[in-house]
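# Sequence isn't available, so here's the structure alone:
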């Protein structure tokens, strides 16, 4: 039975992502990947020019997964607030579904050459624009009072993209609950207004 080249390539990406996530990109050799797959090194090079090409494919694949989920969230709701909530839920849940790919996506991009970085940057821009569009809609509805929406967008990315660093599947909180709590944090903040400190008017007197 002839093997499916696409499935073979996806399997290499999956195994390499797990190894890069566990041992880092620099700490993983092509031989490590071939041994884990029980195939020859030549098989790896049949699908990928070199290790960097493999890394690029992992990162690009992760970005495609995220874009697909974000676009589904946008399509499912007409209300911008519900869209953003759904986007965040899907974004956070990828941490559990594809933890090592997310880790490689966030931590290993600096290993890419300029050519690959430019391609990934364009992908990043699509993700960024999808969030900015929803934030603009919320701003029109006066549900966001921030002057700089880019700061809000990057705050979201910082909050969500690093979940993999501390989330534990064997912990007491499910990833869906983590997503809901982060959403509440974004929409409602941390402090109750009644408990927020009053500025010290006597300072300097």
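Received it, and whenever you're ready, just let me know what you need. All figures in this text were calculated on a predicted structure; none of them were measured in a lab.

# For the residue nearest to the spatial centre of the chain, which residues are in contact?
Closest to where the C-alpha atoms of the chain average out (CA atoms, centre = their mean) is residue 161, at 4.8 Å. Going by CB atoms under 8 Å, 6 or more residues apart in numbering, residue 161 touches 102, 106. For every residue, glycine as well, the C-beta is placed using N, CA and C.

# Residue 85 touches residue 186, doesn't it?
No - using CB atoms under 8 Å, residue 85 is not in contact with residue 186; the gap is 9.1 Å.

# hmm, who's touching the lowest-mean-pLDDT helix or strand in the chain?
Least confident helix or strand, the chain: helix 163-166 with a mean of 79, by mean pLDDT, DSSP states H and E. If you take CB under 8 Å, 6+ apart as the criterion, helix 163-166 is touched by 92, 95, 99, 102-103, 106, 178, 182.

# Kindly report the same for stretch 22-38.
Residues contacting stretch 22-38 (CB under 8 Å, 6+ apart): 11-12, 15-16, 19-20, 40-41, 43-45, 51, 54-55, 100, 104, 107-108, 111.

# do that again at 10 Å, thanks
8, 11-12, 14-16, 18-21, 39-45, 48, 50-52, 54-55, 58, 100, 103-104, 107-112 (CB atoms under 10 Å, 6 or more residues apart in numbering).

# Drop anything exposed from those residues.
12, 14-16, 18-21, 39, 44, 48, 51, 54-55, 58, 100, 103-104, 107-109, 111-112 (16 or more other CB atoms under 10 Å).

# continuing past the helix or strand in which residue 122 is found, what's the next helix or strand?
According to DSSP states H and E, residue 122 maps onto helix 114-140. Using DSSP H and E, the next helix or strand after helix 114-140 towards the C-terminus is helix 149-161.

# in the chain, which spans are helices?
5-23, 30-37, 41-47, 51-76, 80-97, 99-107, 114-140, 149-161, 163-166, 175-188 (DSSP state H).

# how distant is the fifth one from the center of its chain?
Right, the one you point to is helix 80-97. Here the centre of helix 80-97 is set off from its chain's centre by 10 Å, with CA atoms, centre = their mean, to the nearest Å.

# Average pLDDT for that helix, rounded please.
Here helix 80-97 scores 88 as its mean pLDDT.

# same thing with the longest one?
If you average the pLDDT over helix 114-140, you get 95.
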